[in-house]
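Trainee: Provide a 3D model corresponding to the input given below.
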Amino acid sequence: MNTRDLTQQDAIALLLKDGLSKGLHPEFQIISSSMHPVLQPGDRIFVKEYSVNSLSCGDIVVYKIKDHIIAHRFLYIKDNSHFITQGDNTKQIDAPINNDALLGKIVMIDKNGNKIDLETKKWKTTNNILGKILLSKLHIKDKNSSIKIPSPIVCKFLKIYALIINSEYRNILEFRKSSLLLEKELLKICAKKELRNEDIKFIEEATEKDIDWDKFAWLAEYNSVAPIVFINLSKIKQDYTPEEIIQRLKNTYTESFLKTAPIYDDLSKLLKELNSLAVKIIVLKGCSLAEQLYGDFSLRPMKDIDILVKKQDWPKIKKVLDKLGFKAEKDLLELENTLGSPADWHLCYRNARDTKIEFKFNLFILDFPEFDSSDYWQEAISIKINNIETLGLSVEDQIIYLSSRMINVGFRNLLWFCDLRELINTYSKDIDWGKIIVKAKKKKITVALYNSLLILNKELSAGLPKEVLDELKPSFVKEKIFSAFYSLKYPLFLLPENIFNPNPIISLCLVFGKFSLWPKDMVKLIRYAKKIFFPPLDYIAYRYNLPKKRGAILYWYLHRLKEFMIRFLLLGRIFNKKPKYLLS
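Mentor: Here you go, the predicted structure:
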């Protein structure tokens, strides 16, 4: 986590070391989110001098690496000259840090005047638990033989223990409804593709108020809307947005271009090859929407390419992937064949520059359990990606698909809601809402679709016809069951990946909506459940790289039991009306 750039970092490090050697506790301000939620943008930290050998797993340390001063969690000593750290909200451990780079340990945090003493017993225990949780996620090659790494199940119990003994930690995780209201409202407006006069007026008035710009920028970055926010704020003549915030958002726009350009380049090559073979595919999600809705792929950040394909075309597609250098450990068609029935699996293929493509034969949320995707192909529309002809979902199918996916992230991905808003605004005159209603009821996904559109209407003022929402509204019983799984009281805004996940069995809401007590529906459910819970030995061996022996089946069931126990430990979250891990 980078501290604020005051002067040259070397000079800061020297001053910091000098102050520490004199027994002072130098103070810095946090400006990034790699240690969220314990450390958040705007928090002030106080540092005390410590040697590497006196650190414990989980201590939050400050060190200088290259041109940055970093605050991350100490995990273990790698050798006599290096130690290992990781941010709570990062996916990978940091490269080994030289012992000489250590500046000190954080002993106190100031959150808007509320000081938290990390030297107390409850915080030492809590930090040690959080450190062990990070250790449990390390890859085998990162494990040190002298370090005891707890199992994931043990970590779940440890985290519950930390929440019990440390009320300050619980408070950090609690959502404060009143926090960042102005920043969030400003972000919703700034994330629009086209600003109206009233939008510009709102932005001009809002920026004159007491905005927490660090947290506003953090929200924009975390919700993947920083590039379009930068473009909109740059167009408006006003003197209240700090120049460093504009530059920070501009850097995100540049990073989005640099990350997305290779993805588009690889997708273009794939499309050209497939077009030469007359193989049709449907490009999904960001890649199909970036040019279609935003006109500039840099404004719509994306991490990968999602593609819907036909099974009969897979052998040709696989040859093209081999030719272009895309590899995967498993074969998508072979995976499905070994199961003996259609499934929701999709596989990732990567090339040398780490472009990821996810291929799927069906859109699970929409197609389960029949797995019939023929209507998408019949109604697909022609689109251009980088001036290359391909197919995209029809506008109606796009709305259904984007809306139904919201449930996977707990209705908290602002970027996806922005996609929906832009899609509806762009094609408002052409959308056949009657077709959407009929298809949603036929596919039995009205619960997910209704709640997504309801949030879109309330939070982003989409102006959807009231009769459409009334027609889609699920029955009283279904709504009550859904509300038991998830509260829509605090929708929108993506949350830290390593901190928050949607309710562990939120997908049951979809399954519930798909079935009834009618014998026909029950037979479908039983038939599908049989394949999932009692798969053939060939499938188990292929998917999990196990020998084709009876012992492999036992191993697989033990693995599934472990997964079930982890989810069972999280069941308490089902009945939480106030989500715990929201941005504060």
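Trainee: from here on, contacts and neighbour counts on C-alpha atoms
Mentor: Noted.
Trainee: And residue 208, how far from residue 186?
Mentor: 12 Å (CA to CA, to the nearest Å).
Trainee: okay, the two: which has more neighbours?
Mentor: residue 186 (20 against 12; other CA atoms under 10 Å).
Trainee: Check which helices and strands the host helix or strand of the more buried one sits against.
Mentor: Using DSSP states H and E, residue 186 sits within helix 181-190. Counting by 3 or more CA pairs under 8 Å, 6 or more residues apart in numbering; DSSP states H and E, the packing neighbours recorded for helix 181-190 are helix 197-207, helix 213-222, helix 226-235.
Trainee: Check what contacts that helix and list those residues.
Mentor: By CA atoms under 8 Å, 6 or more residues apart in numbering, the residues outside helix 181-190 that reach it are 195, 199, 202-203, 206, 211-212, 215-216, 219-220, 228-229, 232-233, 460.
Trainee: Equivalent analysis for stretch 383-393, please.
Mentor: 264, 268, 271-272, 280-284, 287-288, 291-292, 376-377, 379-382.
Trainee: Now, of those residues, which are buried?
Mentor: 264, 268, 271, 280-284, 287-288, 291-292, 376-377, 380 (16 or more other CA atoms under 10 Å).
Trainee: what's the closest of those to residue 445?
Mentor: residue 376 (15.8 Å; CA to CA).
Trainee: pretty sure that closest one is touching residue 396, no?
Mentor: No - Residue 376 is beyond contact range of residue 396, at 10.0 Å (criterion: CA atoms under 8 Å).
Trainee: before we move on, the earlier item: and the helix holding residue 186 with helix 197-207, angle?
Mentor: Between helix 181-190 and helix 197-207, the angle comes out at 150 degrees (axes from the mean of the first three to the mean of the last three CA atoms, to 10 degrees).
Trainee: Tell me the buried residues in helix 181-190?
Mentor: 182-184, 186-190.
Trainee: Domain ranges for the chain, per the record?
Mentor: With domains defined by automatic domain parsing, the chain comprises 9-173, 181-241, 254-575.
Trainee: With residue 248 as the reference, name the closest of those.
Mentor: With CA to CA as the criterion, residue 248 lies closest to domain 181-241 of the domains of the chain, at 7.7 Å.
Trainee: What distance separates the opening and closing residues of the closest one?
Mentor: Using CA to CA, the two ends of domain 181-241 sit 17 Å apart.
Trainee: neighbour-wise, which of the contacts of helix 181-190 leads?
Mentor: Neighbour max across those (other CA under 10 Å) = residue 220, 28 neighbours.
Trainee: Give me the distance between it and residue 493.
Mentor: Residue 220 is 9 Å from residue 493, by CA to CA.
Trainee: next one: residue 405
Mentor: 15 Å.
Trainee: okay, the two: which has more neighbours?
Mentor: residue 493 (24 against 19).
Trainee: Surely that one is in contact with residue 414?
Mentor: Yes - using CA under 8 Å, residue 493 is in contact with residue 414, at 4.9 Å.
Trainee: Next, show the common contact partners of these two.
Mentor: residue 223.
Trainee: ok, longest helix in the chain?
Mentor: Counting residues, the longest helix found in the chain (DSSP state H) is helix 243-276.
Trainee: Mind checking the pLDDT average for it?
Mentor: For helix 243-276, mean pLDDT is 94.
Trainee: and residue 530, how many residues sit next to it?
Mentor: Using other CA under 10 Å: residue 530 sits among 10 other residues.
Trainee: need the next SSE after the strand or helix carrying it, C-terminal direction.
Mentor: Residue 530 belongs to helix 519-533 when elements are defined using DSSP H and E. Counting by DSSP H and E, the next helix or strand C-terminal to helix 519-533 is helix 537-544.
Trainee: Next, the distance between the ends of stretch 340-349.
Mentor: 23 Å.
Trainee: which stretches of the stretch 351-500 of the chain have low pLDDT?
Mentor: 484-490, 494-500 (pLDDT under 70).
Trainee: And the strands in it?
Mentor: Taking DSSP state E, counting those that start in this stretch as the criterion, the stretch 351-500 of the chain carries its strands at 356-360, 381-385, 388-392.
Trainee: Could you dump these into a markdown table and include distance to residue 132?
Mentor: Converted to a markdown table, those look like this (distance: least, CA to CA, whole Å):
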| stretch | distance to residue 132 |
| --- | --- |
| strand 356-360 | 30 |
| strand 381-385 | 45 |
| strand 388-392 | 45 |
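Trainee: Would you mind telling me which of these is nearest residue 323?
Mentor: Residue 323 lies closest to strand 356-360 among the strands of the stretch 351-500 of the chain, at 14.6 Å (CA to CA).
Trainee: angle of the closest one against helix 243-276?
Mentor: 50 degrees.
Trainee: List the buried residues for strand 356-360?
Mentor: 356-357, 359-360.
Trainee: I'd say residue 350 and residue 324 touch.
Mentor: No - the criterion here is CA under 8 Å, and residue 350 misses it with residue 324 at 10.0 Å.
Trainee: Do me a favour and average the pLDDT over the helix or strand harbouring residue 555.
Mentor: For residue 555, the host element (DSSP H and E) is helix 550-569. For helix 550-569, mean pLDDT is 68.
Trainee: same question, stretch 49-64
Mentor: Stretch 49-64 comes out at a mean pLDDT of 91.
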